[in-house]
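Colleague: with the input below, show me the fold.
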Amino acid sequence: GPVRCTTNATVSSTVAIPPFPGAQVQLRCSGVPVATATTNSTGQFTIFLSGSSTNVATVLRTCNVVGTTPLSTCNIALPAVGGLVANLVPGLSTTLGNVLSITNLVPAIFQYVQNV
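Modeller: Okay, here's the model as predicted:
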């Protein structure tokens, strides 16, 4: 899902929550940043992992996505410390021939965490 400008991921679906454009997000595995991206105007981002050693089960178990740009950047009323964190869940998978498998992982619901 997109990165939204809110600390409350459980807001009613009838409330329009603006996206968080220009937010820096990191893919962290076992707490270590391994890739970085910036959200677009709709709060979406893409991070690519490649290599034969990338194991989807390990990534799902040990990695998460962390928004490192303070929420106060998109709304002055929101906290200037902390950030948004989401676990990863499987998305669509594609197999090309017998040698290439592409698995899309997507962030689950982002939650506000004071100490990122």
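Colleague: need phi/psi at the closest residue in space to residue 4 that isn't next to it in sequence.
Modeller: Leaving aside its chain neighbours, residue 4 sits nearest to residue 17 (4.6 Å; criterion: Cβ to Cβ, 6 or more residues apart in numbering). All C-beta spots, glycine's among them, are computed from the backbone N, C-alpha and C. The phi/psi pair for residue 17 (degrees, to the nearest 10) reads phi -110, psi 120.
Colleague: so how far is residue 50 from residue 17?
Modeller: 32 Å (Cβ to Cβ, to the nearest Å).
Colleague: okay, those two: which has more neighbours?
Modeller: Ranked by neighbour count (other Cβ atoms under 10 Å), residue 17 and residue 50 place residue 17 first, with 15 against 7.
Colleague: what comes up buried for the helix or strand of the chain with the lowest mean pLDDT?
Modeller: Lowest on mean pLDDT, DSSP states H and E among the helices and strands of the chain sits strand 100-107, with a mean of 84. By neighbour count, with 16 or more other Cβ atoms under 10 Å as the criterion, the buried positions of strand 100-107 are 105, 107.
Colleague: list the helices and strands that strand packs on?
Modeller: Packing contacts for strand 100-107, counted by 3 or more Cβ pairs under 8 Å, 6 or more residues apart in numbering; DSSP states H and E, involve helix 56-62, strand 83-96.
Colleague: quick check: next helix or strand after it?
Modeller: Later in the chain than strand 100-107, the nearest helix or strand by DSSP states H and E is strand 111-113.
Colleague: neighbouring contacts of that following strand?
Modeller: 6-9, 71, 79, 82-86 (Cβ atoms under 8 Å, 6 or more residues apart in numbering).
Colleague: now that we have these, which one has the most neighbours?
Modeller: Neighbour-wise, those (other Cβ under 10 Å) top out at residue 84, 26 neighbours.
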